[in-house]
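1. Compute the structure for the input listed below.
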Amino acid sequence: MATNIKGSSFDEFGYVHGPLKWAIAFTASLGAILEVIDTSIVNVALTDIQATLGATVSEVGWVVSGYAIANVVLIPLSAWLGDYFGRKTYFIFSLIGFTVSSILCGLSFNLPMLIVARILQGLCGGGLLAKAQAILFETFPPAEQGLAQAVFGVGVIAGPAIGPTLGGFLVDGLGWRWIFFVNIPFGIIAVAMSLAFLPKNKDKSEAQNQAVDWWGIGFLIVAVGSLQTVLEEGEQDDWFSSSFIVSLTILGIIGLVLFIWRELKTDRPAVDLRVLRHRSLAAGSVLSAVVGMGLYGALFAVPIFAQSVLQFTATQTGLLLAPGALASAIVMVLLGKLSSIIDARFLIALGAVGSSGVMFQLATITPQSGTDDLFWPLVWRGAFTVLMFLPLSLAVLGPLPKQDVSAGSGFYNLTRQLGGSIGIALLTTLLDQRHTFHRAMLLAKLSPYDPETNQRLDLLNGALQSQGMDAATAQQQALALLSQTVDIQAAVLSYADCFRVVGVGFLCSLPLLLFLGKGGAGVKAPVGH
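-> Predicted coordinates:
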């Protein structure tokens, strides 16, 4: 059995010592990496999926939205599901379900089948992310949490960048279906490792003897599902001018109120909100949402800028993001060794200030910006994000009693995922509004009476006519080219505004550090069984 690996043992607090703990760490992290990569890998394939399945832009968007909605519904339930079915059983079931649903995604012959398969994939994936982190906190003693969370964090941080890179190669080389088929061998390996290395389930838990909190689960699905749908579809439906968005918002708020009331009222809640009594978790979850907004929001804006303004292909966009992912992985490993001796609050502050600086640097982009201009900012973004992510996990979850780690991890990961959705929704809206604003401001400066405008049109006219175009057509084409130039410049200015907003958001989150503990540097002994 795995627990008999030579040199491995369990101490009185249930922590693992010896080679087995690293086998468990890589097993749990592989499951988390699969889930995180699939959050972003599909983004570069939407155009191909749309063409193959004959879908509209709004319809194909549900391939992304369905996964995200299912994901956030399951994450807070992962602690209860792990207790009810057994941690090992539930993790393996999630891996098998994720792999099977990936196969269904790749075999989909129409859009409804693909969306349903993606929802199933999201439901199974939601159990992998939070459960993987909880497994590590319950396996490694506090003094070694830095290295353990570094292994976990490599995938979570680098995953959003690895996804488009891998997706670009697969879509351009093999077709969009392979972004799902690639999960099959890794899913099988993860299941085999889980069967071999994860400790067996504990004896029948108390959760299995109690009544299931169906009301709490129902209210959670209504609340989180509705609000996540609003975030995913709001910009496309013009937000509250849409009766659909208004109805979902009202339903989500009502569901949220009823969910909180139910979970605080019942003795056996599906989601234990009482873990928020821990100050580090309450403040850290808010900070986690900010990190999610910066991590996913900024990473969402860069590929769109590269493809829409710089005209990069999917593969080129993926390669643009790859160095940042590599920087994240390197810094994560180095930080894993230092986090036990450095105050987490100092590292988080350094990461926030550094990330803010990178955002302001990205705000200096121009239509002539290229790979060389974006290389170092994206590398530094990857490095500084790690300085926030890893110490924050240790400062938030490290001080929790062991019995509260699973519930705390679910809530903590939920806030990061929701923060990412909020960030993407806000930045999408901001991009649209600022583009309209900047275009109007630029057009106001263009006038038939403006000498520079006329000079520019004359130059374009002359160049077009020199290529054999008649005067009337050249005049029309010159105006079209000028309008296109205005569009591109307005887009660049709107992206710059978005990067500045993210930078300011990082700085505004700094006061929350006052509510956190020292993290790895302040934990010297087990926090309890």
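2. Who are the packing partners of the lengthiest helix in the chain?
-> Looking across the chain with DSSP state H, the single longest helix is helix 402-444. Identification of packing neighbours for helix 402-444 by 3 or more C-beta pairs under 8 Å, 6 or more residues apart in numbering; DSSP states H and E yields helix 62-74, helix 78-85, helix 111-139, helix 214-233, helix 279-308, helix 371-397, helix 471-508. (C-beta placed from N, C-alpha, C; glycine too.)
3. Give the buried residues for the third one.
-> So the one you mean is helix 111-139. The neighbour-count check on helix 111-139 (16 or more other C-beta atoms under 10 Å) flags 111, 114-115, 117-139 as buried.
4. Now do the phi/psi pair for residue 16.
-> Dihedral angles of residue 16 (phi, psi; degrees, to the nearest 10) stand at phi -100, psi 140.
5. give me the beta-bridge partners of it?
-> residue 10 (DSSP bridges).
6. Touching, it and residue 137? I think so.
-> No: look at residue 16 against residue 137 with C-beta atoms under 8 Å: they stay out of range, at 11.8 Å.
7. Number of residues surrounding residue 434?
-> Residues contacting residue 434 under the criterion other C-beta atoms under 10 Å number 19.
8. which ones are touching the closest residue to it other than its chain neighbours?
-> Sequence neighbours aside, residue 494 is the residue nearest to residue 434 in space, at 3.8 Å (criterion: C-beta to C-beta, 6 or more residues apart in numbering). Residues near residue 494 by C-beta atoms under 8 Å, 6 or more residues apart in numbering: 430-432, 434-435, 437-438.
9. picking up where we left off before, could you give the angle of the longest helix of the chain to helix 371-397?
-> Helix 402-444 and helix 371-397 are oriented at 150 degrees to each other (axes from the mean of the first three to the mean of the last three C-alpha atoms, to 10 degrees).
10. now helix 402-444 and helix 279-308, what's the angle there?
-> 40 degrees.
11. Please identify the helix or strand for residue 319.
-> Residue 319 is located in helix 314-338, with elements delineated by DSSP states H and E.
12. Show the subsequent helix or strand relative to that helix.
-> helix 344-362.
13. what's the distance between residue 252 and residue 75?
-> According to C-beta to C-beta, to the nearest Å, residue 252 and residue 75 sit 16 Å apart.
14. Those two: who's more crowded?
-> Per other C-beta under 10 Å, whichever of residue 252 and residue 75 has more neighbours is residue 75, with 29 against 20.
15. ok, that one - contacts?
-> Residue 75 touches 126, 129-130, 410, 413-414, 417, counting by C-beta under 8 Å, 6+ apart.
16. Lowest-confidence one in those residues?
-> Within the contacts of residue 75, residue 130 has the lowest pLDDT, namely 71.
17. That one contacts residue 81, correct?
-> No: checked against C-beta under 8 Å, the pair residue 130 and residue 81 is beyond contact range at 10.1 Å.
18. Which neighbours do those two have in common?
-> What both residue 130 and residue 81 touch, as defined by C-beta under 8 Å, 6+ apart, is an empty set.
19. okay if I get the helices and strands packed on helix 402-444 as TSV plus distance to residue 97?
-> Listed next are the helices and strands packed on helix 402-444 as TSV, based on distance: least, C-beta to C-beta, whole Å:
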stretch	distance to residue 97
helix 62-74	11
helix 78-85	12
helix 111-139	3
helix 214-233	18
helix 279-308	24
helix 371-397	26
helix 471-508	34
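20. averaging pLDDT over each of those, which comes out lowest?
-> helix 279-308 has the lowest average pLDDT among those, namely a mean of 76.
21. in terms of contact count, name the helices or strands touching that one.
-> helix 145-173, helix 314-338, helix 344-362, helix 371-397, helix 402-444, helix 471-508.
22. Spit out the contact partners of residue 320.
-> So residue 320 contacts 302-303, 306, 312, 371, 374-375, 378 (C-beta under 8 Å, 6+ apart).
23. same deal with residue 21?
-> 8, 15, 139-140, 144, 148.
24. Nearest to residue 270 among those residues?
-> residue 139 (24.6 Å; C-beta to C-beta).
25. Test my guess that that closest one contacts residue 23.
-> No: the pair residue 139 and residue 23 fails to qualify as a contact (C-beta under 8 Å) at a distance of 9.9 Å.
26. show me what contacts the spatially closest residue to residue 122 that is not a sequence neighbour?
-> Leaving out its chain neighbours, the residue that sits closest to residue 122 by C-beta to C-beta, 6+ apart is residue 70, at 3.0 Å. Contact partners of residue 70, counting by C-beta under 8 Å, 6+ apart, are 118-123, 125-126.
27. coming back round to it: with the contacts of residue 320 in mind, which one is nearest to residue 335?
-> Nearest member of the contacts of residue 320 to residue 335, counting by C-beta to C-beta, is residue 378, at 18.7 Å.
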